[in-house]
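Q: Show me how the following folds:
(one chain, ligands or ions: 2)
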Amino acid sequence: MESNAIMDQHQSFLGIIKAYLTSRQAVLPVFNSTGLKIQHEASKPEPDTAVIEKMITCDPSLTSQVLRIANSAFYKGLQKVSTVHTAIVRLGSREIANIAILVSQKRQFHSNDPFISGLMQKLWQHSVASAISAQWIANRCGLRKNAQEAFTAGLIHDMGKLLILTVTDAVRRAGTLNRMPSDILLNEVMDNFHSVYGHALLRHWNLPDHYCRIARDHHKTDPDKENDLMMMVRLADKTTNGLGIGMRGVEPCVLAATPEADFFGLSEIAMAELEIKLEDAKVFS
Ligand SMILES: [Fe+2]
Ligand SMILES: [Fe+2]
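A: Ligands and ions are numbered 1, 2, ... in the order given. So this is what the prediction gives:
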């Protein structure tokens, strides 16, 4: 009886989400393309730093956030920087591009509802930690040329969850949902549907195909071992969840024993190094 009631709740909540998404008033999270454009320039063999500087300084809020992070403890040991130009010189255009994409995406993780806002914060921390992990894996495994893409792919792999949280917030505010779903129900819907919604959202944002595929397939039982970027994001995801940087607390996992760590030849010691790196990354949340 009880499980039937839960099923009913699940179905009706999902029905409301689907109805909203197909309605005309649907407001979806947006993707700030500046971050991606900066990443694109930074990933060139010889990035034009003047172009990167201009793209950042055009946006005063982006500028101040980039400077705040460039001066944070994550880059400890470096002298303070007061202009985007010196930040690029000191940290390098690739690091600045990572900061820019983080800052521009963070704006989407906002809600006035404390329950939704708390979940968005957890999702943000998971996304950032996955971005840093995926980039670390690329650099560590001699796939440096993929490091920028790995960072972006890690950051946006779970955007389907952001979509579900944003829609839940909207239908609650509109009164279509008469009470907030429970933590358990919302997490279950996110777990089951974020891949398909994430794929649709990234396509809607017109992002390159490889990012869309990662959003769709990163939980597939049988990973595509031809796809380095996918394997990096899968390992990054397992690493962060294993440390409890996710929506569901600690999900214990022997990382070195995963098919992904095996694929990259990463030992237990290497994975422990990554975990230490993630400790320092808390500044981004
Ligand atoms: Fe996921
Ligand atoms: Fe994830």
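Q: Can you get me a residue count around residue 111?
A: 19 (other C-beta atoms under 10 Å). Any C-beta I mention is one placed from the backbone N, CA and C, and that applies to glycine too.
Q: you'd agree it is up against residue 121?
A: No: assessed by C-beta atoms under 8 Å, residue 111 is found out of contact with residue 121, at 9.7 Å.
Q: which bits of this structure sit near ligand 2?
A: 158, 237 (C-beta under 5 Å from the ion).
Q: domain parsing for the chain?
A: 2-24+108-284, 32-106 (automatic domain parsing).
Q: With mean pLDDT added, can I get these in a markdown table?
A: Formatted as a markdown table, these follow (pLDDT from 0 to 100):
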| stretch | mean pLDDT |
| --- | --- |
| domain 2-24+108-284 | 90 |
| domain 32-106 | 88 |
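Q: Do I have it right that residue 135 meets residue 151?
A: Yes: using C-beta under 8 Å, residue 135 is in contact with residue 151, at 4.1 Å.
Q: higher neighbour count, these two?
A: residue 151 (30 against 26).
Q: which stretch of helix or strand covers the closest residue to residue 260 other than its chain neighbours?
A: If the residues on either side of it in the chain are set aside, residue 260 comes closest to residue 235, at 3.8 Å by C-beta to C-beta, 6 or more residues apart in numbering. Under the criterion of DSSP states H and E, residue 235 resides in helix 228-242.
Q: Give me the distance from the helix or strand following that helix to the chain's centre.
A: Counting by DSSP H and E, the next helix or strand C-terminal to helix 228-242 is helix 259-264. Its chain's C-alpha centre lies 21 Å from the corresponding centre of helix 259-264 when counted by C-alpha atoms, centre = their mean, to the nearest Å.
Q: Also stretch 169-181?
A: With C-alpha atoms, centre = their mean, you get 25 Å for stretch 169-181.
Q: same question, stretch 166-177
A: 23 Å.
Q: how about the closest residue to residue 146 other than its chain neighbours, what does it touch?
A: Of all residues not flanking residue 146 in the chain, residue 138 sits nearest, at 4.7 Å (C-beta to C-beta, 6+ apart). Applying C-beta atoms under 8 Å, 6 or more residues apart in numbering, we find residue 138 in contact with 144, 146, 147, 150, 228, 232.
Q: make it 10 Å
A: By C-beta atoms under 10 Å, 6 or more residues apart in numbering, residue 138 lies in contact with 144-151, 153-154, 228-229, 232, 236, 264.
Q: That one is in what secondary structure piece?
A: If you go by DSSP H and E, residue 138 is part of helix 114-140.
Q: is it true that residue 232 touches residue 132?
A: No: counting by C-beta atoms under 10 Å, residue 132 is not a contact partner of residue 232; they are 11.6 Å apart.
Q: what's the overlap in contacts for the two?
A: Residues touching both residue 232 and residue 132 (C-beta under 10 Å, 6+ apart) are 150, 151, 154.
Q: In helices, which of those residues appear?
A: 150, 151, 154 (DSSP state H).
Q: of all the residues you listed, which comes closest to ligand 2?
A: Within these, the smallest distance to ligand 2 is 8.6 Å, found for residue 154 (C-beta to the ion).
Q: Can you get me a residue count around the closest residue to ligand 2 within the stretch 51-200 of the chain?
A: Closest approach between the stretch 51-200 of the chain and ligand 2, counting by C-beta to the ion: residue 158, at 4.3 Å. For residue 158, the neighbour count with other C-beta under 10 Å is 24.
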